[in-house]
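Participant: I would like to see how this sequence folds:
(one chain, ligands or ions: 1)
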Amino acid sequence: MAQSKAKNTPGAKTPPEPSGSEPPPLSWAQTHLLDAHTLTADEVETVLAEARTFAEILNRPVKKVPLLRGKVIVNLFYENSTRTRTSFELAGKYLSADTINFSVDTSSVKKGETLIDTAQTLMAMGIDAVVIRHASPGVPYQLAQFFGHRVSVLNAGDGMHEHPTQSLLDLYSMRQRLESVEGRKVVIVGDILHSRVARSNIHLLNKLGADVHAVGPTTLLPADLDKLGCTVHHQIEPALQQADVVMCLRLQLERQQSGLIPSLGEYARLFGINRHRLMTYPKPNVLLMHPGPMNRGVEITSDVADDPAVSLILNQVTSGVAIRMALLHLLIGHRDMVKQPGLDVLGASGSPNDVLALAEAELQAGGAL
Ligand code: CP
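Facilitator: Predicted coordinates for the structure are as follows:
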């Protein structure tokens, strides 16, 4: 039996959907990106609009513009990552910033240095932004409080709390195929209890008017999940009915010993997404998503994961670079504006296309990269 979701999700706003070829109005006043929960619908549209512009650069033979030349971005990852760290690094490089991967394993963190001492040390070297992944929820907020407007902080995943850039790239990927997510049924499947990806997606999708559903073993669903703004199911088939998007989550194998699920085989049998389930219950053009890394044969089978007709998984990875370029540009640009009031980093008309036009003009005028 499904529990119905809260009708008036706190913070939900009517989404401004793109109308025709009109670019959406730009709205940005943040120094940090700490969560998806507090982003306004206008800010979300601004990030997506910028990302659409930057995605064009990814198709060029020379993937570089000088927008963040002279800026320094540090990837500070206290947890493992393939997608998030690499795409932040590439995003910074494509914007001509100097990007540094701070290795916790070979740093003074191993000698007991505190997070704030590490932050202070990096700031003393003149950095402009920190991309932080940490096992403890709230660490990005601590850093943002310490840095103020001096250094931008981007949350790349904090414990079980949030992974805002993942939800923005997921939304961007959905909108490439669906145009609007308003009224679309998005079903999140699996280990929602431990998932920062699920939390950020639920917040963002609600903000833009999607019909969000969640399904998984009862032991992997947090209490009061419906209060976050989604309809909760305990069986996969009814959850998948008429779905527009099915978003699998990684089953956190490291937690299997805790006894929350009896076995991987049983999880796959009851909640795994395979071709039969995907072709039987959702809408015919259903889209399949997964944030990665995948446990093939457990939460998802390879025949659907690798089928480009249904799977958005690699599109999600590509979208991640454009979204992170957009965010780095908006955040570091905004920080400069705070330091130098009157400087309009979005260009004369505020259009994201103007940003690229300015960058191109600078290149043609002989600006060295
Ligand atoms: N989706 C995601 O965060 O993947 P990584 O852990 O590889 O960064």
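Participant: could you give the number of residues near Asp306?
Facilitator: By other C-beta atoms under 10 Å, the residues close to Asp306 number 13. (Each C-beta comes from the backbone N, C-alpha and C, glycine too.)
Participant: need the contact list for it.
Facilitator: Shown in contact with Asp306 (C-beta atoms under 8 Å, 6 or more residues apart in numbering): no residues.
Participant: ok, now with 10 Å
Facilitator: By C-beta atoms under 10 Å, 6 or more residues apart in numbering, the contact set of Asp306 is Arg296, Ile300, Ile313, Leu314.
Participant: which one of the residues you listed has the most neighbours?
Facilitator: Using other C-beta under 10 Å as the neighbour test, these are led by Ile300, with 29 neighbours.
Participant: just checking, it touches Arg250?
Facilitator: Yes: Ile300 sits in contact with Arg250 when judged by C-beta atoms under 10 Å, with a separation of 9.4 Å.
Participant: quick check: neighbours shared by the two?
Facilitator: With contacts defined as C-beta under 10 Å, 6+ apart, the residues shared by Ile300 and Arg250 are Gly190, His290, Met294.
Participant: what sits against Asp303?
Facilitator: By C-beta under 10 Å, 6+ apart, the contact set of Asp303 is Asn274, Arg275, His276, Leu278, Val310, Ser311.
Participant: ok, of those, which come out buried?
Facilitator: Among these, those buried by neighbour count (16 or more other C-beta atoms under 10 Å) are Asn274, Leu278, Val310, Ser311.
Participant: quick one: which of those sit in helices?
Facilitator: Per DSSP state H, helices hold the following members of the buried ones among the contacts of Asp303: Leu278.
Participant: biggest separation within the buried ones among the contacts of Asp303, which pair?
Facilitator: Maximum pairwise distance in these, criterion C-beta to C-beta, is 12.7 Å, between Asn274 and Ser311.
Participant: joint contacts of the two?
Facilitator: Common contacts of Asn274 and Ser311, defined by C-beta under 10 Å, 6+ apart, comprise Ile300, Asp303, Val304, Ala305.
Participant: shouldn't the last one be in contact with Cys248?
Facilitator: When you say that, I think you mean Ala305. Yes: the pair Ala305 / Cys248 is scored as a contact, 8.5 Å apart, by C-beta under 10 Å.
Participant: more neighbours: the two, which one.
Facilitator: Looking at Ala305 and Cys248 with other C-beta under 10 Å, you find the greater number of neighbours at Cys248, namely 26 against 21.
Participant: now do the phi/psi pair for that one.
Facilitator: The phi/psi pair for Cys248 (degrees, to the nearest 10) reads phi -80, psi 150.
Participant: can you list the domains in this structure?
Facilitator: 41-163+317-364, 164-316 (automatic domain parsing).
Participant: just send the ones you listed back as CSV, with distance to Ala29 and mean pLDDT too.
Facilitator: As requested, these are exported to CSV (distance: least, C-beta to C-beta, whole Å; pLDDT from 0 to 100):
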stretch, distance to Ala29, mean pLDDT
domain 41-163+317-364, 7, 89
domain 164-316, 16, 95
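Participant: can you add distance to the ligand and give those domains back as CSV?
Facilitator: What follows is these, written out as CSV (distance: least, C-beta to the nearest ligand atom, whole Å):
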stretch, distance to the ligand
domain 41-163+317-364, 3
domain 164-316, 4
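Participant: can I get the buried ones among the contacts of Asp303 in JSON lines with distance to Ile57?
Facilitator: Formatted as JSON lines, the buried ones among the contacts of Asp303 follow (distance: C-beta to C-beta, whole Å):
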{"residue": "Asn274", "distance to Ile57": "37"}
{"residue": "Leu278", "distance to Ile57": "33"}
{"residue": "Val310", "distance to Ile57": "28"}
{"residue": "Ser311", "distance to Ile57": "25"}
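Participant: which one of the buried ones among the contacts of Asp303 is nearest to Leu171?
Facilitator: Leu171 lies nearest to Ser311 out of the buried ones among the contacts of Asp303, by C-beta to C-beta, at 17.1 Å.
Participant: beta partners for that closest one?
Facilitator: Beta-bridge pairing of Ser311 under DSSP bridges involves Leu288.
Participant: ok, now which ones touch it?
Facilitator: Neighbouring residues of Ser311 by C-beta under 10 Å, 6+ apart: Leu278, Leu287, Leu288, Met289, His290, Ile300, Asp303, Val304, Ala305.
Participant: I'd say the fourth one and Gln316 touch.
Facilitator: Yes: between Met289 and Gln316 there is a contact under C-beta under 10 Å: 6.2 Å.
Participant: overlap in contacts, the two.
Facilitator: Residues touching both Met289 and Gln316 by C-beta under 10 Å, 6+ apart: Asp170, Ser173, Met174, Met247.
Participant: next one: stretch 67-79 to chain centre, how far?
Facilitator: 17 Å (C-alpha atoms, centre = their mean, to the nearest Å).
Participant: repeat that for stretch 310-324.
Facilitator: For stretch 310-324, the distance to the chain centre is 10 Å (C-alpha atoms, centre = their mean).
Participant: then that stretch to PDB, C-alphas only?
Facilitator: Coordinates of the C-alpha atoms in stretch 310-324 are reproduced here as PDB (Å, rounded to 0.1, in the frame of the first residue of the first chain):
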ATOM      1  CA  VAL A 310      16.400   3.400 -22.600                       C
ATOM      2  CA  SER A 311      19.400   4.200 -20.400                       C
ATOM      3  CA  LEU A 312      20.500   7.800 -19.600                       C
ATOM      4  CA  ILE A 313      23.400   6.600 -17.500                       C
ATOM      5  CA  LEU A 314      26.300   7.900 -19.800                       C
ATOM      6  CA  ASN A 315      24.300  11.000 -20.600                       C
ATOM      7  CA  GLN A 316      24.300  11.700 -16.800                       C
ATOM      8  CA  VAL A 317      28.000  11.500 -16.800                       C
ATOM      9  CA  THR A 318      28.400  13.900 -19.700                       C
ATOM     10  CA  SER A 319      25.800  16.300 -18.200                       C
ATOM     11  CA  GLY A 320      27.900  16.300 -15.000                       C
ATOM     12  CA  VAL A 321      30.800  18.200 -16.700                       C
ATOM     13  CA  ALA A 322      28.500  20.900 -18.100                       C
ATOM     14  CA  ILE A 323      26.600  21.300 -14.800                       C
ATOM     15  CA  ARG A 324      29.800  21.600 -12.900                       C
END
